[in-house]
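[1] Sequence and predicted model, in that order:
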There are 6 protein chains.
Amino acid sequence: MPFVKILVTREGVTREQKRELIKGVTNVISEVLNKDPQLTHIAIEEVDTDNWGWAGEQISILREQGITADKK
Amino acid sequence: MPFVKILVTREGVTREQKRELIKGVTNVISEVLNKDPQLTHIAIEEVDTDNWGWAGEQISILREQGITADKK
Amino acid sequence: MPFVKILVTREGVTREQKRELIKGVTNVISEVLNKDPQLTHIAIEEVDTDNWGWAGEQISILREQGITADKK
Amino acid sequence: MPFVKILVTREGVTREQKRELIKGVTNVISEVLNKDPQLTHIAIEEVDTDNWGWAGEQISILREQGITADKK
Amino acid sequence: MPFVKILVTREGVTREQKRELIKGVTNVISEVLNKDPQLTHIAIEEVDTDNWGWAGEQISILREQGITADKK
Amino acid sequence: MPFVKILVTREGVTREQKRELIKGVTNVISEVLNKDPQLTHIAIEEVDTDNWGWAGEQISILREQGITADKK
């Protein structure tokens, strides 16, 4: 009976990316915990960059300064 | 001091339905736990059907296939 | 596809009370939103009274002062 | 590794107020728990007044009745 | 800056399974969203079977009836 | 009507530290948003270090390697 909540900043996540997140995370849970996917729900919450803080600063301001969360 | 979070898909829940959810859930908590309703808060989070996954698939795609969550 | 999280203070909620909460809240959602109960999940999170704050104070300290959350 | 979720009603919270919330809460956590701010994330969730219930009633209806959440 | 909360029933999830969940979900997010893993946090919440409800019933009671959440 | 959830690793947070977190965060919200503290609830969730992941690894393993979350 897993339930998963994924919080990400609202920065243009596409419908296809959301679909891949849902498939990928459901697979991990199904494989690791042997859970029936029909009992697994996933909700993605997109958070405005004004509403997310990291290291005491708004993400929207960090983005204006050229600081990203991209993989290096 | 209960706090309740209700997550539902954003599929046309009306203002009146939200009001009934709030009244109904507050009543259940008040009756079962004997809690003062003035200390009970409820927040409803509506989740886009692109952002909710069940059984590894997006709800928006399940809806396009005619699969609903309605009571049978 | 509703998911409900109920947070209450850990103050002796019995197994039977939890069962009534689950039945009651599932019924409200099923009646108001016409949702299939097989798609409705509910999780109860019990929070130690040291870990819950109201009005800027720990519930455990309010309880020592005789302040309860009981219905009046 | 703290993560903080702040839920408030969506009633005109400004970008600057959000910034102050992020700074203020990160400072409290950093001072009380001695945590590295670079490991502290904060997400603010704004909830429509139709979607928040208190004492069994929708906030939007309480507001229409002149009942506010302002400090006294 | 993703944050992920995974709720599962407390039914003997091992330390190694938790580690695999963390690795697997972080990989999915990193690959699909191109996010820096150093900005991705995951918290697993284990919920007692008395505290989780599905289809209006406590999981602990469903388990006593031989109903599992295992993959078929 | 704010509600705040603070997630921290379970690593010996004292009752007094929790009290300071509750007071401090309630003050920030009261000052920045002008909210009545009697409508502000805070819940602290302590997460086992086996159950928290950062950068794809369990915190319990990072701690064994001498990696802390302390302020520098």
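    Happy to help now that I have it.
[2] quick one, phi/psi of A:K23?
    For A:K23, the backbone dihedrals are phi -60, psi -50 (criterion: degrees, to the nearest 10).
[3] Just say helix, strand or coil for A:V4.
    Here A:V4 is recorded as strand under DSSP: H, G, I helix; E, B strand; the rest coil.
[4] Now for A:T49: which residues touch it?
    A:9-11, A:58-60, A:63 (C-beta atoms under 8 Å, 6 or more residues apart in numbering or on different chains). In short, each C-beta sits where N, CA and C put it, glycine included.
[5] make that A:V25, sorry
    Contacts of A:V25 (C-beta under 8 Å, 6+ apart): A:4, A:6, A:42, B:53, E:4, E:25, E:28.
[6] Need those residues in TSV (columns: pLDDT).
    What follows is these, written out as TSV (pLDDT from 0 to 100):
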residue	pLDDT
A:V4	98
A:I6	98
A:I42	98
B:G53	98
E:V4	98
E:V25	98
E:V28	98
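[7] Would you list the buried entries among these?
    Listed as buried from the contacts of A:V25 are A:4, A:6, A:42, B:53, E:4, E:25, E:28; burial here means 16 or more other C-beta atoms under 10 Å in any protein chain shown.
[8] And the pLDDT at the closest residue in space to A:R15 that isn't next to it in sequence?
    Leaving aside its sequence neighbours, A:R15 sits nearest to B:D50 (C-beta to C-beta, 6 or more residues apart in numbering or on different chains; 5.1 Å). pLDDT, B:D50: 98.
[9] ok, now the one 10 residues further on?
    Model confidence at B:S60, expressed as pLDDT, equals 98.
[10] where does chain A dip in pLDDT?
    Within chain A, no stretch falls below the threshold (pLDDT under 70).
[11] Check which residues of stretch A:49-60 are buried.
    For stretch A:49-60, by 16+ other C-beta under 10 Å, it's A:49-54, A:56-60.
[12] Include distance to E:K71 and secondary structure when you put these into CSV, please.
    As requested, the buried residues of stretch A:49-60 are exported to CSV (distance: C-beta to C-beta, whole Å; DSSP: H, G, I helix; E, B strand; the rest coil):
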residue, distance to E:K71, secondary structure
A:T49, 38, helix
A:D50, 41, helix
A:N51, 37, helix
A:W52, 35, strand
A:G53, 39, strand
A:W54, 37, strand
A:G56, 43, coil
A:E57, 43, strand
A:Q58, 42, strand
A:I59, 38, helix
A:S60, 42, helix
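[13] so which of the residues you listed would you say is closest to C:V32?
    Taking C-beta to C-beta as the measure, C:V32 lies nearest A:N51 of the buried residues of stretch A:49-60, at 28.9 Å.
[14] gap between A:I44 and chain D?
    13 Å (C-beta to the nearest C-beta, to the nearest Å).
[15] One more: A:T68?
    15 Å.
[16] Specify the local secondary structure of that residue.
    coil.
[17] Now it: phi and psi?
    The phi/psi pair for A:T68 (degrees, to the nearest 10) reads phi -110, psi 170.
[18] these two touch, right, A:I29 and E:I22?
    No - between A:I29 and E:I22 there is no contact under C-beta atoms under 8 Å: 11.9 Å.
[19] Tell me which of the two has more neighbours.
    It is E:I22, of A:I29 and E:I22, that has more neighbours when counted by other C-beta atoms under 10 Å in any protein chain shown, with 30 against 23.
[20] Can you name the next helix or strand after whatever helix or strand the more buried one lives in?
    For E:I22, the element it lies in under DSSP states H and E is helix E:15-33. Next helix or strand after helix E:15-33 toward the C-terminus (DSSP H and E): strand E:41-47.
[21] in chain A, what residue is nearest chain C?
    Distances between chain A and chain C by C-beta to the nearest C-beta are smallest at A:F3, namely 5.3 Å.
[22] For that residue, name its beta-bridge partners.
    Beta-bridge partners for A:F3, by DSSP bridges, are A:H41, E:L7.
[23] can you pull the contacts of it?
    So A:F3 contacts A:40-43, C:3, C:41, C:43, E:6-7 (C-beta under 8 Å, 6+ apart).
[24] I'd like these as CSV, with distance to E:R15 appended.
    Shown next, in CSV, are those (distance: C-beta to C-beta, whole Å):
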residue, distance to E:R15
A:T40, 22
A:H41, 25
A:I42, 24
A:A43, 27
C:F3, 26
C:H41, 25
C:A43, 22
E:I6, 15
E:L7, 18
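[25] And the residues you listed, which two are furthest apart?
    Going by C-beta to C-beta, the pair spanning the contacts of A:F3 furthest: A:I42 and C:A43, at 14.7 Å.
[26] which ones are touching A:K23?
    B:53, B:56-57.
[27] show me which of those neighbour chain A.
    B:53, B:56-57 (C-beta under 8 Å from any C-beta of the partner chain).
[28] Please report the distance of the residue in chain A that chain D sits nearest to from B:T49.
    Relative to chain D, the nearest point of chain A is A:G53 (3.1 Å; C-beta to the nearest C-beta). Distance of A:G53 to B:T49, given as C-beta to C-beta, to the nearest Å: 29 Å.
[29] Please apply the same query to A:D50.
    From A:D50 over to B:T49 the distance is 25 Å, taken as C-beta to C-beta.
[30] what's the answer for A:D70, then?
    From A:D70 over to B:T49 (counting by C-beta to C-beta), the distance is 28 Å.
[31] ditto for A:I61
    Note on A:I61: its distance to B:T49, by C-beta to C-beta, is 32 Å.
[32] circling back: ok, now which ones touch the residue of chain A closest to chain D?
    Listed by C-beta under 8 Å, 6+ apart, the contact set of A:G53 reads A:59, D:21-23, D:25-26, D:40-44.
[33] That one and F:A43: what is the separation?
    Separation of A:G53 from F:A43 (C-beta to C-beta) stands at 19 Å.
[34] Same check on A:R19?
    33 Å.
[35] again, but for A:T68
    32 Å.
[36] Give me the more crowded residue out of the two.
    A side-by-side neighbour count of A:T68 and F:A43, using other C-beta under 10 Å, places F:A43 first with 23 against 15.
[37] correct me, but that one touches C:W54?
    No - the pair F:A43 / C:W54 is not scored as a contact, 10.0 Å apart, by C-beta under 8 Å.
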